[in-house]
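Trainee: predicted model and sequence follow; I will ask about them next.
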Amino acid sequence: MHYLPTRVIFGEKAVRKAFVYLNPIGSKALLVTGKNSAKASGALDDVLNVLSTLKIEYHIFDKVTENPVLETILKGAEVFKQSSCNFLIGIGGGSPIDAAKAISLAAANNLDYEHIYDTAAFKQSYPLVAVPTTAGTGTEVTQYSVLTDAKTLKKAGFGHDLAFPALALVDPQYTLSLSGDTTLNTAIDALSHLLEGIYSNKRMLLIYPLIYKGIALIYSNLRRVLNNPSDLQGRTALMQASLYGGIAISHTSTTLQHSIGYPLTSCFNVPHGLANGIVMKQMMDLYYPYVSIELDDMFTYLGISKNDFYNWLDSFEMKFAGSLTVDFIDAKIPEVLASRNMANNPFTASADDIRNLYLSLNQHP
Ligand SMILES: [Fe+2]
């Protein structure tokens, strides 16, 4: 079944073009951002200009950190209610937009700390406008929010139809100010979502054209953008791929590929996209026997072999800088096995599969 309730405006000046759709959404917005990217990208200024023209009131909540924690969600929900907001605008990378989704649900359903992930308690939400400033998460078109419990250092997500943004304003210009590392890591996150659209046992033929095109866009534009960060055409291609990746996982969900990276992010601060990247080849080896027809089709579409693809991935030299102890691996295996995404694998991943994936990260060639 296909379902994508988010209205998407893609391209230059997307925020300004949203004029006609913003007015009916609400009269006072909670702007959910982190400390820097909303401002540095120019997105915050664009949003404030449009709000001022439309005479829509707002309150800024700029307390979202990378890998947002549950306390921030509750704080945001409190501010939302105290300042009498009736919709949200999430501006930034995945973190502020995911936080805005959770704040909306926490505020609308009066959720406490224990119930932020309790999708059975989600009865309503406030409308959310998502303005991404990275080309990676695709969260502007998904029903997912990934959060971290600071008490247990557990990173996990929830998914619910009420979490879909009402409006996604996707302007590739906002990504021009991204660093090389962020550009790489976020593009690899998008690539991961696209591949997981093939890996997942919820994969569906109808979205393969988006997936293949998205992977091709990253394959032919990532190096180009890293070499020339102000290449707007290349940036636009990566943003398009990210959007396609979001559409893919909104239908198929993510898989073991994402579950295995979460502990690396919450315990070692490995950026999310990099955590996906350092296991990407091992992961493809694991999935290949189950989806070889689909992956081979994709390689044919790209005009390359699987080996070429691996060499291309190697060229970015993504590495895990630390080293994982046996104790750490044994402690995290149950968490990975219990994660929500595991139901989407076309095979039953074993504790040994996960142990071997983690051990492979300790081998630094
Ligand atoms: Fe991701």
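Mentor: Sure thing, it's come through. Numbering: from 1, shown residues only.
Trainee: first-to-last residue distance for stretch 268-280?
Mentor: 18 Å (C-alpha to C-alpha, to the nearest Å).
Trainee: any idea how far residue 263 is from residue 339?
Mentor: When C-beta to C-beta, to the nearest Å is applied, the distance between residue 263 and residue 339 equals 10 Å. C-beta: built from backbone N, CA, C; applies to glycine.
Trainee: the more surrounded of those two?
Mentor: It is residue 263, of residue 263 and residue 339, that has more neighbours when counted by other C-beta atoms under 10 Å, with 24 against 21.
Trainee: contacts for stretch 53-65 next, please.
Mentor: In this structure, residues lying in contact with stretch 53-65 by C-beta atoms under 8 Å, 6 or more residues apart in numbering are 19, 22-23, 26-35, 38, 48, 51, 72, 75-76, 79-80, 83, 85, 89, 92, 95-96, 99, 103.
Trainee: how about a cut-off of 6 Å?
Mentor: With C-beta atoms under 6 Å, 6 or more residues apart in numbering as the test, stretch 53-65 has contacts from 23, 28-34, 51, 72, 76, 79, 83, 95-96, 99.
Trainee: which one (most neighbours) among the residues you listed?
Mentor: The most neighbours, when the contacts of stretch 53-65 are compared by other C-beta under 10 Å, belong to residue 96, which has 35 neighbours.
Trainee: that one reaches residue 32, doesn't it?
Mentor: Yes: taking C-beta atoms under 6 Å as the contact criterion, residue 96 and residue 32 are neighbours in contact, 5.1 Å apart.
Trainee: and the one helix or strand residue 217 maps to, what does it pack against?
Mentor: Using DSSP states H and E, the secondary-structure element containing residue 217 is helix 208-227. Using 3 or more C-beta pairs under 6 Å, 6 or more residues apart in numbering; DSSP states H and E as the contact definition, the elements that helix 208-227 packs against are helix 180-199, helix 232-252, helix 280-302.
Trainee: at 10 Å instead, please
Mentor: Counting contacts by 3 or more C-beta pairs under 10 Å, 6 or more residues apart in numbering; DSSP states H and E, the secondary-structure elements packed against helix 208-227 are helix 180-199, helix 232-252, helix 280-302, helix 306-314.
Trainee: now those helices as JSON lines including mean neighbour count and distance to residue 167?
Mentor: Formatted as JSON lines, these follow (neighbours: other C-beta atoms under 10 Å; distance: least, C-beta to C-beta, whole Å):
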{"stretch": "helix 180-199", "mean neighbour count": "25", "distance to residue 167": "20"}
{"stretch": "helix 232-252", "mean neighbour count": "24", "distance to residue 167": "14"}
{"stretch": "helix 280-302", "mean neighbour count": "16", "distance to residue 167": "31"}
{"stretch": "helix 306-314", "mean neighbour count": "14", "distance to residue 167": "34"}
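Trainee: those: which one's closest to residue 127?
Mentor: Taking C-beta to C-beta as the criterion, helix 232-252 is the member of the helices and strands packed on helix 208-227 that comes nearest to residue 127, at 17.4 Å.
Trainee: buried sites along whatever helix or strand comes next after that closest one?
Mentor: For helix 232-252, the succeeding helix or strand toward the C-terminus, using DSSP H and E, is helix 256-268. Buried residues in helix 256-268, defined by neighbour count with 16 or more other C-beta atoms under 10 Å: 256-267.
Trainee: helix or strand right after helix 256-268?
Mentor: With DSSP H and E setting the assignment, the helix or strand that follows helix 256-268 is helix 272-277.
Trainee: export that next one to CSV, keeping only CA atoms.
Mentor: Written as CSV, here are the backbone C-alpha positions of helix 272-277 (Å, rounded to 0.1, in the frame of the first residue of the first chain):
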residue,chain,number,x,y,z
HIS,A,272,24.3,8.7,11.8
GLY,A,273,25.2,8.6,8.1
LEU,A,274,28.7,7.5,8.8
ALA,A,275,27.4,4.7,11.1
ASN,A,276,25.5,3.4,8.1
GLY,A,277,28.4,3.9,5.8
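Trainee: ok, the residue lying closest to residue 291 once chain neighbours are set aside - contacts?
Mentor: Spatially, and ignoring its direct neighbours in sequence, residue 291 is nearest to residue 198 (5.6 Å; C-beta to C-beta, 6 or more residues apart in numbering). Taking C-beta atoms under 10 Å, 6 or more residues apart in numbering as the contact definition, residue 198 lies against 207-208, 211-212, 215, 248, 252, 255, 284, 287, 291, 294-295, 297-298, 346.
Trainee: cool, residue 324 as well?
Mentor: With contacts defined as C-beta under 10 Å, 6+ apart, residue 324 is in contact with 263-264, 267-268, 332, 355, 358-362.
Trainee: which one of these is nearest to residue 317?
Mentor: Checking the contacts of residue 324 against residue 317 by C-beta to C-beta gives residue 361 as the nearest, at 14.1 Å.
Trainee: ok, that closest one - contacts?
Mentor: Residue 361 makes contact with 260, 264, 270, 275, 278-279, 282, 319-324, 329, according to C-beta under 10 Å, 6+ apart.
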